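Visitor: Sequence and computational prediction follow.
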Amino acid sequence: MAGTDATSRTPAIVRRVDELRALVRGFRTAGETVALVPTMGALHAGHLALVRAAQAECRRVVATIFVNPTQFGPNEDFHSYPRDEPGDLAKLESVGADAVFIPTVEEMYRPSASTTVTVAGLTEDLCGRFRPGHFAGVATVVTKLLLQALPDVALFGEKDYQQLLVIKRLVRDLDIPVRVIGVPTVREADGLALSSRNAYLSPEQRQIAPVLHQVLARIARLLAQGAEAAPLLAEGRAELQRAGFGPVQYLEARDAETLEPVARAARDARVLAAAYLGKVRLIDNVPVPIHGG
Ligand code: AMP
């Protein structure tokens, strides 16, 4: 549908918090609802699905692009993280996003900034175990973005399932007046979850990468049929290793709301994994399809 009125508007670009606030105030004065879609850029079809879901909820959609240094560990890829502002703007235009907030690090963090948002419990396991400080960085920047923009709705991908739960929790605990919506993961035809970091995969690694989703999907299907989790998870780890994955940081069956381990999928559950393929850390997760009561 490219070229129609609905999809060819150039998004307004704002780089300062006061400009963002003025922009949203303008929308509100016109009686329009506002959705926020936070990203780190290097946009792909997964991000654009968030924008489309946002358009279904609100009259106006504001995306944000900010590679947040505080959510990267000292040995992680903050400096090499893919950045492509012109490409991102073209993609946002193609889906008709109304505006994009692209702050600098200095705009987001004053030199004397000393406040951090931490969400206890939920952040201590899974990715939190292997990325100390990561969720505090995410929780702090998302809290700031929500308070800066004060949107009606904010959308996040199920791709980062633990992150989605952390954000829902902080919004509830801090009484931030925004509705958080999770959007299902967008995948390649072979099942690989879209991720900005997939760009790091070599052609050989790209061939192996879909095994992660295959393993998750099989475990979820068998759990839904009543199987016990532990042997499935052990076999899944072995299969990832055989396929060529390096360290499997975790492969777990968890309650979909509390992230507590589940031995069998009696209620809503999720199978989640993080594993290295060469130097690339891939994460993915799938719901356990339990139907009926
Ligand atoms: P990122 O730019 O990786 O920080 O992601 C920005 C937002 O897009 C987060 O809410 C992610 O969960 C979401 N996202 C990333 N990849 C996907 C995907 N494949 N499908 C749906 N949402 C995604």
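Guide: On my side now, so go ahead.

Visitor: Going by secondary structure, the residue nearest to Val17 when sequence neighbours are not counted is in what exactly?
Guide: Nearest non-adjacent residue to Val17, counting by C-beta to C-beta, 6 or more residues apart in numbering: Gln148, 5.1 Å away. Using the backbone N, CA and C atoms, a C-beta is placed for each residue, glycine as well. When elements are assigned from DSSP states H and E, Gln148 belongs to helix 134-149.

Visitor: Does that helix reach the ligand?
Guide: No: contact of helix 134-149 with the ligand (C-beta under 6 Å from any ligand atom) is absent, the minimum separation being 8.6 Å.

Visitor: Would you mind pulling up the elements that that helix packs against?
Guide: Other helices and strands packing on helix 134-149, by 3 or more C-beta pairs under 8 Å, 6 or more residues apart in numbering; DSSP states H and E, are helix 17-29, strand 34-39, strand 60-65, strand 99-101, helix 127-130, strand 153-157, helix 161-173.

Visitor: For Asp84, which of those is the nearest?
Guide: Closest to Asp84 of the helices and strands packed on helix 134-149 is strand 60-65 (C-beta to C-beta; 9.7 Å).

Visitor: Can you name the element that comes right after that closest one?
Guide: Following strand 60-65 in sequence, per DSSP H and E, is helix 85-95.

Visitor: Look up how far the ligand lies from Ala266.
Guide: Going from Ala266 to the ligand by C-beta to the nearest ligand atom, to the nearest Å gives 27 Å.

Visitor: next one: Ala217
Guide: Ala217 is 15 Å from the ligand, by C-beta to the nearest ligand atom.

Visitor: Buried residues, the helix or strand where that residue lies. List them.
Guide: Applying DSSP H and E as the criterion places Ala217 in helix 210-224. Buried positions in helix 210-224, judged by neighbour count with 16 or more other C-beta atoms under 10 Å: 210-216, 218-220, 222-223.

Visitor: what do you get for stretch 113-127?
Guide: 117, 119, 122-123, 125-127.

Visitor: again with stretch 85-102
Guide: Quick answer for stretch 85-102 (16+ other C-beta under 10 Å): 88-89, 91-93, 95-102.

Visitor: burial count for the closest residue to Gln214 other than its chain neighbours?
Guide: Excluding its sequence neighbours, the residue lying closest to Gln214 (C-beta to C-beta, 6+ apart) is Gly191, at 6.2 Å. Neighbour count for Gly191, taken as other C-beta atoms under 10 Å: 16.
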